[in-house]
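Participant: How does the following fold in three dimensions:
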Amino acid sequence: VINTNCSHGVPNRFSELNIHLSQHEVPAAPNEGISLSALRSQFSVNGEEGPKYGFDGSKYHYGDGTSVASQNSSQILTGYDTLDVGPNYDFYANTNAQGRVRRSRPSLFQLHSNIEVSRAPGDSSEDDVEEPQSEPTRFGWVKGVMIRCMLNIWGVILYLRLPWITAQAGIGLTWVIILLSSCITGITGLSTSAIATNGRVKGGGTYFLISRSLGPELGGSIGLIFAFANAVAVAMHTVGFAETVQALMQESGASIVDPINDIRIIGVITVTCLLAISLAGMEWEAKAQVLFFIVILVSFANYIVGTIIPATPQKQAKGFFSYQADIFAENFVPNWRGPEGNFFGMFSIFFPSATGILAGANISGDLKDPTVAIPRGTLMAIFWTTLSYLIIAATIGACLVRDASGIMNDTLAMSSADSCQGLACQYGWDFTDCITNRTCTYGLSNQYQSMSLVSGFAPLITAGIFGATLSSALACLVSAPKVFQCLCKDNLYPVIGFFGKGNGKNDEPIRGYVLAYIIAVCFVLIAELNTIAPIISNFFLCSYALINFSCFHASITNSPGWRPSFRFYSKWMSLLGAVVSVIIMFLLTWWAALIAIGIVIFLLGYVLYKRPSVNWGSSVQAGSYNMALSYCVSLNQVDDHIKNYRPQCLVLTGPPSCRPALVDFVGTFTKNLSLMICGNVVTGGPSPATLDTASSNSHVTWLNKRQIKSFYHGVVANDLRTGVKMLLQGAGLGRIRPNVLLTGFKRDWRKDKPSCIDNYIGILHDAFDLQYGVCVLRMREGLDVFRQAQTHGEEPNNQEDFMFFYNIPLFIIRGVNTSVPPAPPANFSLDPDAMVTEPQPQPSTVFQSQQGKKTIDVYWLFDDGGLTLLLPYLLTRKKRWARCKVRVFVGGDIQRKEEQRKDVRRFEDLIGPYRINTAQKDGHVTAEQLNQDCPWMVSDEEIETNKPKTLRQIRLNEVLQDYSRDAAIIIVTMPVGRRGQCPSALYMAWLETLSRDLRPPVLLVRGNQENVLTFYCQ
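Facilitator: Numbering: from 1, shown residues only. Below you'll find the predicted structure:
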């Protein structure tokens, strides 16, 4: 009896464990626990090096002494050695832990099968332990995410454009712009937090989040766009820094060339210095960011103090009058000026300042715990920066008028009070002349560096501008290569893989830094901040739209793999954020939005065309599954109709790579039309080897490489016929299930064991019993690939065209001319990877070539429901068969006279080995018993009874040779042998006689006697 006292809310942890003896054992004191060693099993799991699990009287441990309980964080409830191990994080990780090899849980086969285990699967010996590597620099949520995001948000726009935007839009609409931007970034931050907490986040930031959620198609395109946008953002922030330096130089009367070229020269030098800091490593970059953060905080404090200090006459001449209600009211409403004077023009200039929310996520590979750091740091950064923007817009709008001359003599005392214009008249200043002539150089509307005027000590604002612009530029310069490096390593696009190489313990993308530097320098040469900012707005909005859509799509698909630990998000808010982002893209700059979307569509189309071999478990896959499941279920609500009949084929190919002709033929008329399933039966008992052979992904890979739209279904069975029954009854789903069985003709039936003949014919009978239509394809050169590689036309013994496992050595498939080898063990199966990885082109078949103006000869001898007519029609719908002419032959008098005697003797020779002779009848065994034990044997009575059918097959073969010698394919109604009345050898002889000595491929068809054609509209 096991008594457990579970901790509250934690059912998988046990606070107390007492195991007591039953009443038949030695009694123990009540509630007195005993040692687990007393109940230890006499059987241990031992390997060559001794027991891998041990018990020292108090706890279980691995062979290396590691405690099982400590490894799995749970108590072991068994009192015996076992392969079972408790839950362990390593079992669910897809990467190796630092400095050691990842453990793996035992397989189900190892747990329940009686095998000798040489090593516990969950164990790792000392030989497996890798040499510990030096731990790279990792950052927490404050230093790695929050500070980095705040610095990126507090960029050039804050100091150099927010006062100007406030003058244009007014305090009220400026708040609307700030809040709208924060809503978009806030919703995106929630979506990013949900995606980031859904699993282990690696390096690659935004690209990693989108690509692993939506798949490589959208992830790859947005990864390129986002990396490019960050590189351009480096130029934007650098130009803002250069503008400030150039203004300081102009105040002091210094100049290098001219104002525009001065900005270019300063910008290039600045970007070069930032590149040097980035190349020094993330640790130095992080220290520089902290320094910039402190400088910005000091500048903010200096600004707030400056708004409180009473204005001096010099500041009043420039429009600063401290807090005034009249100024606040005047500046609360908009006053649009210039070509950019509209709401969306101001929004396009301001929005890049809110795009820094992904600065922390972009270095996800350098964070200690990205799932905690990204949500906490990103959301905190959005909150504090939004609050700071609102405060600065309100305070500067309440202190500074829109227009001022800066001339000390423009006082009201020296001019007429009646003609004074502007709010400054109330405070003794007259700026009428500059307002009328629009020559004012100071004020919110005219001076970009208004914060320096308002502050208590102007150089600190200048230092803040330097810190904000340089920190933002540095963050973007680091983000762009990190994102681009992850994209390059995924090999989604050609050429760019060169930039994916990393250096050092932090895997720094040196080549990516140089590429981002070149892009930044090119845009720095524009030297116009208002031109650069709108360019990147659309790219960032496009990224935010896809991030929000990723979260929505992952939520709406209800995939069990979507389990974010961050719960404060809504899929509908994410959808709203995605839609609003797209709408704003077009409202800002419609042509730039079209360019951005066009680039995304182009890159998306490229990845869809190339189909990279990556599988990240994206939500697109989950959505495809949901749609397929929904459509399959909806088919059950409507009954089948003859007009919608489609031949859904179960093709007994074995490994598809071994019988390409059969695969190509069926794929010709089922592609984009109906279901095709390639069936494979692996004979033997269930084991990991046989299961891997039956369910190997290489079969599907081969089909995809050959562009065959088919499913693959492999089963393991004790014998062939049992496996085919499993396929006939278990393949398909709902109404999407096979209704036609298609197999190859058994060419070597005379050389094979009689029981194999009976199994082959039995498979056809089983298909008829299950209401399947049956098709048998025979080709003169055979269907198996190995036959065409044989020399001198020899055929190996015990080979069957219809069989599902092949006794074929690999060197025959690779085209080495050798003689026929002896048959290998019965459980041998051809490795399909031989056809997939072979450098030679895939084997070509007659069904891959153009058929020209040949004929498709259809011998519709018996009404089987129309399947014999439907298949040739479907062939002619394909381009390769479109020029072929369909000829239909119907049954007539096919009796012959004396000329048939030679063919009859030939037929008798075919079935001679399977006839029951007189000596067998005179023995102790009766003919009935002999037929029961050997159903393939043919009696004289059965030959005589079925003689008309035999003569019909002989004559029909002569007709085929006379009229269809040059046809592209011959389609003949297949005869049906009655179960119990037509021995399998006799039926096999009919099929042989009907289809022998014909050059074109022959398809024997028999429908299930139900209509597949209709001549009516309903």
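Participant: ok, now how distant is the nearest residue to residue 493 once chain neighbours are set aside from residue 495?
Facilitator: Nearest non-adjacent residue to residue 493, counting by C-beta to C-beta, 6 or more residues apart in numbering: residue 220, 6.7 Å away. Quick note: C-beta positions are derived from backbone N, CA and C, even for glycine. According to C-beta to C-beta, to the nearest Å, residue 220 and residue 495 sit 14 Å apart.
Participant: what about these two, which has more around it?
Facilitator: Higher neighbour count among residue 220 and residue 495: residue 220, with 25 against 7, using other C-beta atoms under 10 Å.
Participant: before we move on, what SS does residue 372 have?
Facilitator: Following DSSP: H, G, I helix; E, B strand; the rest coil, we place residue 372 in the helix state.
Participant: Would you mind measuring from the closest residue to it other than its chain neighbours to residue 300?
Facilitator: Among residues not flanking residue 372 along the chain, residue 141 sits closest, at 6.2 Å (C-beta to C-beta, 6+ apart). Applying C-beta to C-beta, the value for residue 141 to residue 300 is 22 Å.
Participant: Do me a favour and average the pLDDT over stretch 553-563.
Facilitator: Mean pLDDT, stretch 553-563: 83.
Participant: what residues does that stretch touch?
Facilitator: Contacts of stretch 553-563 with the rest of the structure, by C-beta atoms under 8 Å, 6 or more residues apart in numbering, involve 195, 198, 213-214, 571, 574, 617, 619-620, 622-623, 625-626.
Participant: Quick one: residues in contact with stretch 868-881.
Facilitator: 645, 647, 668-669, 671, 673, 775, 847-851, 856, 858, 860, 882, 884, 886, 888, 968-969, 971-973, 1003, 1005-1007, 1012-1013.
Participant: Of the residues you listed, keep whichever come out buried.
Facilitator: Neighbour-count burial (16 or more other C-beta atoms under 10 Å) applied to the contacts of stretch 868-881 gives 645, 647, 668-669, 775, 847-848, 851, 856, 858, 860, 884, 968-969, 971-973, 1003, 1005-1007, 1012.
Participant: and the residues you listed, which of them are in strands?
Facilitator: 775, 856, 858, 860, 969, 971-973, 1003, 1005-1006 (DSSP state E).
Participant: of all these, which two lie farthest apart?
Facilitator: Spatial extent of those (C-beta to C-beta) is set by the pair 856 and 1006 at 17.9 Å.
Participant: So, low pLDDT: which residues of the stretch 201-350 of the chain?
Facilitator: Flagging of the stretch 201-350 of the chain using pLDDT under 70 yields the residue ranges 201-204, 281-282.
Participant: What separation do you get for residue 722 and residue 682?
Facilitator: In this view, residue 722 and residue 682 are 12 Å apart by C-beta to C-beta.
Participant: the more surrounded of these two?
Facilitator: It is residue 682, of residue 722 and residue 682, that has more neighbours when counted by other C-beta under 10 Å, with 25 against 14.
Participant: The more buried one belongs to a strand, doesn't it?
Facilitator: Yes: counting by three-state DSSP, one finds residue 682 located in a strand.
Participant: and it, what are its bridge partners?
Facilitator: Here residue 682 sits in beta bridges with residue 716, going by DSSP bridges.
Participant: That one touches residue 714, doesn't it?
Facilitator: Yes: when contacts are counted by C-beta atoms under 8 Å, residue 682 is listed as touching residue 714 (6.5 Å).
Participant: Could you name every residue contacting both of these two?
Facilitator: Shared contacts of residue 682 and residue 714 (C-beta under 8 Å, 6+ apart): 693-694.
Participant: Need the distance between the two termini of stretch 194-212.
Facilitator: End-to-end span of stretch 194-212 (C-alpha to C-alpha, to the nearest Å): 13 Å.
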